[in-house]
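S.K.: Predicted structure and sequence below. I'll ask about it afterward.
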There are 2 protein chains.
Amino acid sequence: MNHPAINVQVKRGGITESAHQIKAIIVNSSGETLHSWGDMEPLVYPRSAIKALQALAFLERGGAQKYDFTEQEIAILGASHNGEQRHTETVQKMLAKLWHTPKDFECGHHWPMFVEAGYELAGKGETPNNLHNNCSGKHAGMLGLAKLLNVDSKGYIQVEHDVQQTIADTMGQMCEIDFSTLPHSPDGCSAPTWAMPLFNLALGFAKFADPSNLSAERQKACRTMFNAVVNNPFMVAGTKRYCTEMMEALGQRVFLKVGAEGVYIAAIPDLKLAIALKCEDGATRGAESVMTALLHKVGATDHVDRGQLERFDRVSIKNWNQIETGEIICPM
Amino acid sequence: MNHPAINVQVKRGGITESAHQIKAIIVNSSGETLHSWGDMEPLVYPRSAIKALQALAFLERGGAQKYDFTEQEIAILGASHNGEQRHTETVQKMLAKLWHTPKDFECGHHWPMFVEAGYELAGKGETPNNLHNNCSGKHAGMLGLAKLLNVDSKGYIQVEHDVQQTIADTMGQMCEIDFSTLPHSPDGCSAPTWAMPLFNLALGFAKFADPSNLSAERQKACRTMFNAVVNNPFMVAGTKRYCTEMMEALGQRVFLKVGAEGVYIAAIPDLKLAIALKCEDGATRGAESVMTALLHKVGATDHVDRGQLERFDRVSIKNWNQIETGEIICPM
């Protein structure tokens, strides 16, 4: 059934200082909507939340075996990583295996998403390169896919390039929607992102969680990706990140991925379902708060001692002196 | 008259990706509400937007003359500065004039708000100290006020300390509300922030813009503060900041100040009025977009060639490759 959008409150000194409206949907691998909150009609750009599905085109063509990728390297294919040293070293090794260099990346560069990693870099007198781009793992997969497709990688970020068209076909099959009909835009890393109903995004990840009705190659690709990420949660995000910390807390049972502008997805094989949500104003803090509540709601946290999840359940806001000034409250 | 809250759209690839609801009010120095948008009843924490009024208690007691503060130093009393070298050097000089050291600050420290200044600091092998706290100028004023009141500065950030009570009395007179009745909380810098109706915040700044009915000392303090800031817009914010860049564009006619969680105020002496607004979800991008629109609406930009304000009117979103991926649109 459809409920109103979820209203997350940011409290300070006993009153509400700010608030976030979040829409969310829970879909199982048969394509049934179990619950939804908010207006499901407007299209949502999944942004980085969909990276695991983008990686399938490379994996189901045997890319990981062909290029001898480790499980950590497979995990980072689907990452929005912090640009910490372990991340950049991992991507560097993948590029070497693909006979590429960071210059072949068309993602642009930025200072590490984890700002402390930036200070560390600056402290060594260094500046960021394409490896530090939070999407560099995804782009390694795209360069790998170009090799598997036997096409020139140049221009691989363009929507009409074989790499992107192949990825769009795969995602279209997973999400059961024709990507050629969807609005699209360059993402932060210049590769395209396509907007779709939140239902279709959730459906894609429900089938990722329970791929039993997919082709043998795709089943294997989904399971390979799932296992790689839940076994290596640091690789998809990093220090102090919700994706990493919540996956660690839940012990290999749940796949989580953030997207820019307040998008989040969870894929839960035990329950054969997925959660997709979007904070309407784009705030990650609102999205995380609702994700925690929905993980509880569907039973994805039942196997964990609730005390271990306290820091997710009660998100305290602290100031520069570490005095608690408020908290973020999800009314579920 | 009251209008619905203002809905700012964040566009990507032709569709709305995120949206912000902003409430706003325009009040003149006679206390008349000229326009308002959204629900005016819930209280709003002004956060750093109110710093200029916090500085009045120091200024109207002759603090600037007594401690020989320059106009730049007066401006930084009301700043949320970037922690760039010019900012920290300025506050350092103020402390020396007050016979204090950064250790006397009770604000805590953080890496510079302008992240590039942090990389520069790290590149020199340095780490931030209390001078880099974006509120360090305000705290210099609070230490100065303790001296003027002839009280021990220790504990000056506590709400019951004479420094804070004196500041609250002054703000209460400006905003015409009894601060002892208002909810309060430690702010990011641990000094208190009090929540009030947006009307009272706007009223306080309308009287700041047109202090003609205030005591001679307070009139002078308001004009000193206004002139210091509009003559030194870099000091209250810094590189790439809306406060600084918009004040520079408007040429000493408008005082602007951001507060955390999407608050903004403008004080406009020529028009004897002020604007106060709050983005309900706390997003600064939403607040800035509406501030630009309201500055146009009240006529505060009429003296400027509109082409010079284009970057404020049409806020382009660019990715790491500097490709435009979207824009922020205020429907006014």
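M.R.: That came through, no problem. Numbering: from 1, shown residues only, chains lettered A, B, ... in the order given.
S.K.: could you say what helices and strands the strand of greatest length in chain A packs with?
M.R.: Criterion DSSP state E: the longest strand present in chain A is strand A:15-28. The contact analysis (3 or more Cβ pairs under 8 Å, 6 or more residues apart in numbering or on different chains; DSSP states H and E) places strand A:15-28 against strand A:6-12, strand A:33-37, helix A:198-209, strand A:273-279, helix A:284-298. (Each C-beta comes from the backbone N, C-alpha and C, glycine too.)
S.K.: out of these, nearest to chain B?
M.R.: The minimum distance between chain B and those falls on strand A:6-12, with 4.8 Å, by Cβ to the nearest Cβ.
S.K.: that older thread, which stretch among the helices and strands packed on strand A:15-28 approaches residue A:66 most closely?
M.R.: Proximity to residue A:66 (Cβ to Cβ) singles out helix A:198-209 among these, at 22.1 Å.
S.K.: Can you tell me how far residue A:75 is from residue B:129?
M.R.: Using Cβ to Cβ, to the nearest Å, residue A:75 is found at 39 Å from residue B:129.
S.K.: In terms of packing, which of the two has more residues around it?
M.R.: The neighbour comparison of residue A:75 against residue B:129 (other Cβ atoms under 10 Å in any protein chain shown) goes to residue A:75, with 27 against 15.
S.K.: Could you list the buried residues of stretch A:82-92?
M.R.: The neighbour-count check on stretch A:82-92 (16 or more other Cβ atoms under 10 Å in any protein chain shown) flags A:82, A:83, A:84, A:87, A:88, A:90, A:91 as buried.
S.K.: can I get those in CSV with distance to residue A:170, secondary structure and pLDDT?
M.R.: What follows is the buried residues of stretch A:82-92, written out as CSV (distance: Cβ to Cβ, whole Å; DSSP: H, G, I helix; E, B strand; the rest coil; pLDDT from 0 to 100):
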residue, distance to residue A:170, secondary structure, pLDDT
A:82, 27, coil, 98
A:83, 27, coil, 98
A:84, 29, coil, 98
A:87, 25, helix, 98
A:88, 27, helix, 98
A:90, 23, helix, 98
A:91, 22, helix, 98
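S.K.: so which of the residues you listed comes closest to chain B?
M.R.: In terms of Cβ to the nearest Cβ, no member of these lies closer to chain B than residue A:83, at 12.1 Å.
S.K.: Surely the closest one is in contact with residue A:135?
M.R.: No - with contact defined as Cβ atoms under 8 Å, residue A:83 does not reach residue A:135; the gap is 10.5 Å.
S.K.: Would you mind listing what in the stretch 51-200 of chain A touches chain B?
M.R.: Taking Cβ under 8 Å from any Cβ of the partner chain as the test, the list of the stretch 51-200 of chain A residues beside chain B reads A:106-111, A:115, A:118-123, A:125, A:133, A:183-190, A:193, A:195.
S.K.: hmm, try it at 10 Å
M.R.: For the stretch 51-200 of chain A, the residues in contact with chain B (Cβ under 10 Å from any Cβ of the partner chain) are A:106-111, A:115-116, A:118-128, A:130, A:133-135, A:157, A:182-195.
S.K.: Among those, which are located in helices?
M.R.: Among these, DSSP state H puts A:115, A:116, A:118, A:119, A:120, A:121, A:122, A:123 in helices.
S.K.: if we can go back for a sec, of all the helices and strands packed on strand A:15-28, which lies closest to residue B:7?
M.R.: Here strand A:273-279 is closest among the helices and strands packed on strand A:15-28 (Cβ to Cβ), at 15.7 Å.
S.K.: still on that earlier bit, which neighbours do residue A:83 and residue A:135 share?
M.R.: By Cβ atoms under 10 Å, 6 or more residues apart in numbering or on different chains, residue A:83 and residue A:135 have these common neighbours: A:91, A:110.
S.K.: For the helix or strand of chain A with the lowest mean pLDDT, name the packing helices and strands.
M.R.: When the helices and strands of chain A are scored by mean pLDDT, DSSP states H and E, strand A:2-3 comes last with a mean of 91. On a contact count with 3 or more Cβ pairs under 10 Å, 6 or more residues apart in numbering or on different chains; DSSP states H and E, strand A:2-3 meets strand A:15-28, strand A:33-37.
S.K.: I'd like to know which of the ones you listed lies nearest to residue B:39.
M.R.: strand A:15-28 (11.6 Å).
S.K.: For that closest one, which strands pair with it and how are they oriented?
M.R.: strand A:6-12 (antiparallel), strand A:33-37 (antiparallel), strand A:273-279 (antiparallel) (DSSP bridges).
S.K.: Give me the average confidence score over stretch A:295-312.
M.R.: The average of the pLDDT scores along stretch A:295-312 is 96.
S.K.: hmm, I was thinking of stretch A:174-184
M.R.: What stretch A:174-184 shows for mean pLDDT is 98.
S.K.: for stretch A:8-23, same thing?
M.R.: The model assigns stretch A:8-23 a mean pLDDT of 97.
S.K.: start to end distance for that stretch?
M.R.: End-to-end distance of stretch A:8-23: 11 Å, with Cα to Cα, to the nearest Å as the criterion.
S.K.: In that stretch, which residues are buried?
M.R.: A:8-13, A:15-23.
S.K.: now stretch A:116-133
M.R.: Residues A:117, A:118, A:119, A:121, A:122, A:123, A:128, A:130, A:131, A:132, A:133 are the ones in stretch A:116-133 that count as buried (16+ other Cβ under 10 Å).
S.K.: what does stretch A:68-82 give?
M.R.: Neighbour-count burial for stretch A:68-82, counted by 16+ other Cβ under 10 Å, picks out A:69, A:72, A:73, A:74, A:75, A:76, A:77, A:78, A:79, A:80, A:81, A:82.
S.K.: start to end distance for that stretch?
M.R.: Counting by Cα to Cα, the terminal residues of stretch A:68-82 are separated by 24 Å.
S.K.: swap in stretch A:317-332?
M.R.: End-to-end distance of stretch A:317-332: 19 Å, with Cα to Cα as the criterion.
S.K.: Run through the helices of the stretch 201-332 of chain A in chain order.
M.R.: A:216-231, A:233-236, A:242-250, A:284-298, A:310-313 (DSSP state H, counting those that start in this stretch).
S.K.: out of everything not next to it in sequence, what's closest to the residue of the stretch 151-300 of chain A found nearest chain B?
M.R.: The stretch 151-300 of chain A approaches chain B most closely through residue A:185 (3.0 Å), counting by Cβ to the nearest Cβ. Closest residue in space to residue A:185, ignoring its immediate chain neighbours: residue B:13 at 3.0 Å, by Cβ to Cβ, 6 or more residues apart in numbering or on different chains.
S.K.: Quick check: phi and psi at the one you found.
M.R.: Main-chain dihedrals, residue B:13, degrees, to the nearest 10: phi 50, psi 40.
S.K.: Pretty sure it sits against residue B:326.
M.R.: Yes - using Cβ atoms under 10 Å, residue B:13 makes contact with residue B:326 at a distance of 7.2 Å.
S.K.: Give the residues shared as contacts by these two.
M.R.: A:45, A:185, A:186.
S.K.: Which of those residues ranks first by neighbour count?
M.R.: Scoring those on neighbours with other Cβ under 10 Å, the highest-scoring entry is residue A:45 at 29 neighbours.
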